[in-house]
Every structure is written in structure tokens, then in C-alpha cells.
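Asks: output the structure for:
(one chain, ligands or ions: 1)
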Amino acid sequence: MVVSVHQLDDGAWLSVNDERTVPVSQLWLLARHDICDCEQADFLAEGFVEVGVDWPDVEGRIAGQCIACGASGVTDWLAMGRVDRETGAFRKVVPSSVHVPRRRTKLATPE
Ligand SMILES: [Zn+2]
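Replies: Sure thing, here's the model as predicted:
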């Protein structure tokens, strides 16, 4: 199954299969991150920097700011959601639950 993933409107949206799915301006709770020294960062997303697929996960790197301490930066790869193998439907994650960014060892091609 082919999953097409893009960022749209200068990083304002994550688009999956030509549908706007995840907007920025949401708060992501990040753990084990390197944005700042906060144990858990309340990270306000300002824009998608890179998006990709590590099947079946749709992932992205987000630029933004920790609203607790004010530090800004770009996250490592965060799972944005998952594509259902059967139906191809995209289910997005809940930003306010805890997310752990991870470095990529292999780079998936978006298309
Ligand atoms: Zn912080």
C-alpha cells in the first residue's frame, strides 16, 4: 500500500494521502527529548520540518518551543499516527499524551 505524506502550507499541516490530518499549534508532551532541560517538555508545535513514513508509522520532525522554559528547537522523529494495513485509514496520535522523539537509523522515503 502506498502512503503519501507531505507537509503543507509552509509546515502548518501534516497531510496523509492528500488529506490534512495533523495541524501545528498543538501542545505535545515530550519525554527523553533534547529540546531543553525540562524532564517533560510542553512543546508548542510551530511547523513540520520533515515528514516521512516508517511503515506503518507516519512520522515527523516539528519545530517549536517549550512553553515551560521558552527554549525552541526541532524535535527528532515523532510518531504522528499510524496507517491501518487493511483499510489504509490514518489514525493520529494524541499530542497531549507522552511522546518520545527518536533518531532515525534508516531514512524512509516519503513516497
Ligand atoms: Zn523546557
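Asks: now tell me what touches stretch 64-75 from outside.
Replies: 24, 27-28, 30, 33-38, 41-47, 49, 61-63, 101 (C-beta atoms under 8 Å, 6 or more residues apart in numbering). The C-beta positions use only the backbone N, C-alpha and C, and glycine is treated the same way.
Asks: what parts of this structure come near the ion?
Replies: Cys36, Cys38, Ala41, Cys66, Ala68, Cys69 (C-beta under 5 Å from the ion).
Asks: how does it look with 8 Å?
Replies: Contact residues, the chain versus the ion (C-beta under 8 Å from the ion): Ile35, Cys36, Asp37, Cys38, Ala41, Asp42, Cys66, Ile67, Ala68, Cys69, Gly70, Ala71.
Asks: which two in those are spaced the farthest apart?
Replies: Farthest apart among the residues of the chain next to the ion by C-beta to C-beta are Asp37 and Ile67. That separation is 14.3 Å.
Asks: tell me which of the two has more neighbours.
Replies: Per other C-beta atoms under 10 Å, whichever of Asp37 and Ile67 has more neighbours is Ile67, with 13 against 10.
Asks: ok, Ala89 - contacts?
Replies: Counting by C-beta under 8 Å, 6+ apart, Ala89 has contacts Val83.
Asks: how does it look with 7 Å?
Replies: Contacts for Ala89 (C-beta atoms under 7 Å, 6 or more residues apart in numbering) come out as none.
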